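Student: output the structure for:
(one chain, ligands or ions: 2)
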Amino acid sequence: MKRIKLLDREFGISIPASDIKKAIWQIADKINRDLKDKNPLMVCILNGSFMFSADLMKLIEFPCQISFVKLASYQGVSSTGTVKELIGFNEELKGRTVVLLEDIVDSGITVENSVNQLKKMGAGDIFVVTLLFKPEALKRDIKLDYIGLEIPNDFIVGYGLDYNGYGRNLPDIYSVIP
Ligand code: IMP
Ligand code: MG
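Tutor: Ligands and ions are numbered 1, 2, ... in the order given. Next up is the predicted model:
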């Protein structure tokens, strides 16, 4: 098994780049069918979603815009339970269809916060896309519209996801070796 070390932890390969690519194709295919007439604003939730958002956007076949918000909830290998907004929503969102792009849904707190904020700002339909979903970690009652892959409740890195800032550049996804 391919292993890597980041800071004090070892990680083993968990999802190869080819599987990530297939999952993104499937999501893009559905979005291209469902949202082509909705003029959606895609919103990439930084930092983790930068790579996923870039790859997904290249497969979107209708005219659409993208915006970026920066939220942080993780420290080390676990969620802090609160979401810090580092760069906020600044577009005019009244009545607009918004598509949130998340790298991973863990407790669901980040998505819940973002959706509540979009509602307060008067957004129209809100869709949530996540490349990865840890069903066992979910603590909030949220609606996920497009899910790439369901994964076990292990800490992972790679493809945009980090361990204390490291590992985002890896093309494959790795899970921590306990
Ligand atoms: P939630 O708010 O608990 O759902 O967590 C959401 C955010 O925490 C995600 O958007 C990620 O940026 C980060 N996160 C959750 N699980 C992991 C993981 O296993 N590795 C790295 N980051 C994670
Ligand atoms: Mg994220």
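
Student: please count neighbours and contacts with C-alpha atoms only from this point.
Tutor: OK.

Student: could I have the worst-scoring helix or strand of the chain on mean pLDDT exported to CSV, CA atoms only?
Tutor: Confidence across the helices and strands of the chain bottoms out at strand 78-87, with a mean of 75, counting by mean pLDDT, DSSP states H and E. This file holds the C-alpha atoms of strand 78-87, laid out as CSV (Å, rounded to 0.1, in the frame of the first residue of the first chain):
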residue,chain,number,x,y,z
SER,A,78,-11.2,16.8,14.3
SER,A,79,-14.0,19.4,13.9
THR,A,80,-14.1,22.3,16.4
GLY,A,81,-17.9,22.4,16.2
THR,A,82,-17.9,26.0,15.2
VAL,A,83,-17.5,27.6,11.8
LYS,A,84,-15.3,30.7,11.4
GLU,A,85,-16.0,32.8,8.4
LEU,A,86,-12.7,34.2,7.0
ILE,A,87,-14.1,35.5,3.6
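
Student: what separates it from the chain centre, distance-wise?
Tutor: In terms of CA atoms, centre = their mean, to the nearest Å, the centre of strand 78-87 is found 14 Å from the chain centre.

Student: ok, stretch 36-43 next?
Tutor: Using CA atoms, centre = their mean, the offset of stretch 36-43 from its chain centre is 17 Å.

Student: start the count at 555, not 1, going forward
Tutor: Understood, numbering begins at 555; the last thing we discussed is stretch 590-597.
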